[in-house]
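K.L.:
Sequence and computational prediction follow.
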Amino acid sequence: MSERDFPTDFLFGAATSAHQVEGGNDNCDWWAWEREGGSQDLSGDACDHYRRYTGDIALLRELGLGSYRFSVEWARVEPVEGKFSTAALEHYRDMVVQCRAAGVEPIVTFHHFTLPTWLSRRGGVLARDSAGLFARYCGEVAKALSGEVRWALTINEPMILVLMGYLQGVWPPGLKSPRQAMRAARRLVLWHRMAHAAIRAADPAMLLGVAKHWIDFRPFDPSQASHRLGTRLQHGLFNRWYLEQVKGESDFIGINYYARQYTTGLLRQVPLASPQAPKTEMGWSIVPEGLRTALESVAGYGLPLLVTENGIACTDDRERSRYIDRHLLAVLQAMQAGADVRGYQYWSLLDNFEWAEGYRPKFGLVAVERESQSRTVRESAKHYGDIAKSGRLSADFD
Ligand code: IFM
């Protein structure tokens with residue numbers, strides 16, 4: 001085995017989330033938020049994945065990808081408080097069964113940003129009993145999927161939810177309150193702990209983790225004490241704090257990594273070090289070494305790791321292939337340094353609804369023409385599929 005080879009059971013896959021691809025998810029807080037002007041677009045039919053998932057799973061298989069990370073939509077499973085939809089639970093069971101039949105390992109997320117309308121109306125995450133309600137929902141889902149899922153994530157990017165929804169107010173529930181943000185963060189720790197217990201009880205074999213967004217914070221000007229202090233503070237609060245709280249109730253850690261951010265003060269950042277720095281269509285700086293740093297750093301918890309998201313929004317698809325190559329190299333380097341990384345999920349399988357930015361950013365391995373819902377496999381997808389099939393990174397790096 002050379003230093004460019006991945007282990008034979010390494011999970012090369014792609015990720016999506018329910019609201020971003022399913023379409024018609026009209027019973028959740030984001031649907032209402034979009035109608036209040038909270039996004040550039042309405043999610044509408046999205047990629048119609050709720051009906052087209054069989055074809056989309058077939059695409060993964062044809063590409064040679066061995067895993068699919070997707071989320072279960074709470075608003076569909078429990079459309080009314082305490083009433084669980086058998087049809088929705090059967091739908092998600094069918095998804096995992098179809099993944100298995102296609103030789104694609106399902107990686108299931110229980111919560112990916114959206115809340116059922118009934119819960120958001122009575123306080124959402126901050127409602128006194130939200131953790132118990134989340135745990136009950138997770139228990140029902142785990143029962144329905146029992147025996148078919150090995151890797152599961154309770155919550156996607158809890159600290160992004162806190163930042164965008166409770167501190168910056170640009171996502172639902174639109175609060176701009178440090179106090180409420182701290183309450184929401186603590187509450188989401190409880191969500192994970194209680195969900196962990198409920199899922200364990202329903203299916204003791206599921207491996208459980210969270211998908212933790214990691215930002216590679218650096219001082220914009222290392223000679224300035226306030227930039228260095230701000231970097232330490234943001235790293236501690238954003239990257240570390242949540243993981244410290246939930247490590248005891250985790251079987252593995254999921255890392256979502258996209259970018260480096262440069263710190264210019266206690267809670268201030270700029271996305272790029274200079275106007276010339278390479279960036280994505282989201283304006284995020286491209287720094288593959290940040291993924292290596294993240295993985296080597298969380299390896300200290302002694303748990304298996306999954307890269308649960310990493311990807312680029314771009315208009316030139318060649319950039320996507322280069323991005324994947326360079327980030328997979330960072331994964332290999334982290335593994336060679338001792339990190340127990342079990343897989344890499346590219347974000348995203350499909351061009352999809354990018355929250356407040358709507359449909360403009362194109363993250364997909366597969367382009368989706370939304371009028372016709374036709375799928376076009378990009379060259380970068382074939383490139384990534386070839387890496388997955390060979391288990392080897394063959395790019396030349398300068
Ligand atoms: O689209 C999002 C996803 O829902 C969560 N992680 C980051 C992605 C790109 O912004």
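P.N.:
Structure's in. What do you need?

K.L.:
any low-confidence regions in this protein?
P.N.:
Counting by pLDDT under 70, the chain contains low-confidence ranges at 1.

K.L.:
got the residue ranges for the strands in it?
P.N.:
For the chain, the strands defined by DSSP state E occupy 11-15, 67-71, 105-111, 151-156, 207-219, 253-265, 268-270, 305-309, 341-347, 366-369, 374-377.

K.L.:
TSV for these, including distance to residue 322 and mean neighbour count?
P.N.:
Where you see a C-beta, it was placed from the backbone N, CA and C, and this is true even at glycine. Below are the strands of the chain laid out as TSV (distance: least, C-beta to C-beta, whole Å; neighbours: other C-beta atoms under 10 Å):
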stretch	distance to residue 322	mean neighbour count
strand 11-15	17	27
strand 67-71	22	27
strand 105-111	25	25
strand 151-156	26	26
strand 207-219	18	24
strand 253-265	15	23
strand 268-270	24	14
strand 305-309	17	26
strand 341-347	13	24
strand 366-369	18	17
strand 374-377	18	13
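
K.L.:
between those, which one is nearest to residue 184?
P.N.:
Residue 184 lies closest, by C-beta to C-beta, to one member of these: strand 151-156, at 11.7 Å.

K.L.:
thinking again about what came up before, same list, the strands of the chain, but as CSV with distance to the ligand please.
P.N.:
Listed next are the strands of the chain as CSV, based on distance: least, C-beta to the nearest ligand atom, whole Å:
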stretch, distance to the ligand
strand 11-15, 8
strand 67-71, 9
strand 105-111, 10
strand 151-156, 6
strand 207-219, 6
strand 253-265, 5
strand 268-270, 16
strand 305-309, 5
strand 341-347, 5
strand 366-369, 14
strand 374-377, 18
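
K.L.:
what would those strands look like in a markdown table with distance to residue 391?
P.N.:
Shown next, in a markdown table, are those (distance: least, C-beta to C-beta, whole Å):
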| stretch | distance to residue 391 |
| --- | --- |
| strand 11-15 | 8 |
| strand 67-71 | 14 |
| strand 105-111 | 15 |
| strand 151-156 | 19 |
| strand 207-219 | 22 |
| strand 253-265 | 21 |
| strand 268-270 | 37 |
| strand 305-309 | 16 |
| strand 341-347 | 12 |
| strand 366-369 | 22 |
| strand 374-377 | 21 |
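
K.L.:
Thought residue 380 was touching residue 367, still the case?
P.N.:
No - applying C-beta atoms under 8 Å, one finds residue 367 not in contact with residue 380, separated by 10.4 Å.

K.L.:
What separation is there between residue 86 and residue 77?
P.N.:
Using C-beta to C-beta, to the nearest Å, residue 86 is found at 10 Å from residue 77.

K.L.:
So these two - more neighbours on which side?
P.N.:
More crowded of residue 86 and residue 77, by other C-beta atoms under 10 Å: residue 77, with 24 against 9.

K.L.:
contacting residues for the more buried one?
P.N.:
Neighbouring residues of residue 77 by C-beta atoms under 8 Å, 6 or more residues apart in numbering: 84-85, 88-89, 92, 137, 140-141.

K.L.:
what do you get for residue 114?
P.N.:
Taking C-beta under 8 Å, 6+ apart as the criterion, residue 114 is in contact with 18-19, 25, 28-30, 73-75.

K.L.:
okay, now the nearest residue to it once chain neighbours are set aside: neighbour count?
P.N.:
Of all residues not flanking residue 114 in the chain, residue 28 sits nearest, at 4.2 Å (C-beta to C-beta, 6 or more residues apart in numbering). Using other C-beta under 10 Å, residue 28 has 25 other residues around it.

K.L.:
same deal with residue 160?
P.N.:
18.

K.L.:
Tell me the spacing between it and residue 212.
P.N.:
Per C-beta to C-beta, residue 160 is found 9 Å from residue 212.

K.L.:
Among the strands of the chain, which comes closest to residue 321?
P.N.:
Per C-beta to C-beta, nearest to residue 321 of these: strand 341-347, 11.1 Å.

K.L.:
quick one: strands adjacent to the closest one?
P.N.:
Applying DSSP bridges, strand 341-347 is found paired with strand 11-15 (parallel), strand 305-309 (parallel).

K.L.:
what's the angle between the last one and strand 105-111?
P.N.:
Relative orientation of strand 305-309 and strand 105-111, computed by axes from the mean of the first three to the mean of the last three C-alpha atoms, to 10 degrees: 70 degrees.

K.L.:
can you list contacts of strand 305-309?
P.N.:
Residues contacting strand 305-309 (C-beta under 8 Å, 6+ apart): 11, 15, 69, 107, 151, 153, 156, 209, 211, 213, 252-258, 291, 295, 298-299, 331, 339-345, 347.

K.L.:
what do you get for the first one?
P.N.:
In this structure, residues lying in contact with strand 11-15 by C-beta under 8 Å, 6+ apart are 6, 60, 64-70, 104-105, 107, 151, 306, 308-309, 342-349, 365, 384, 387-388.
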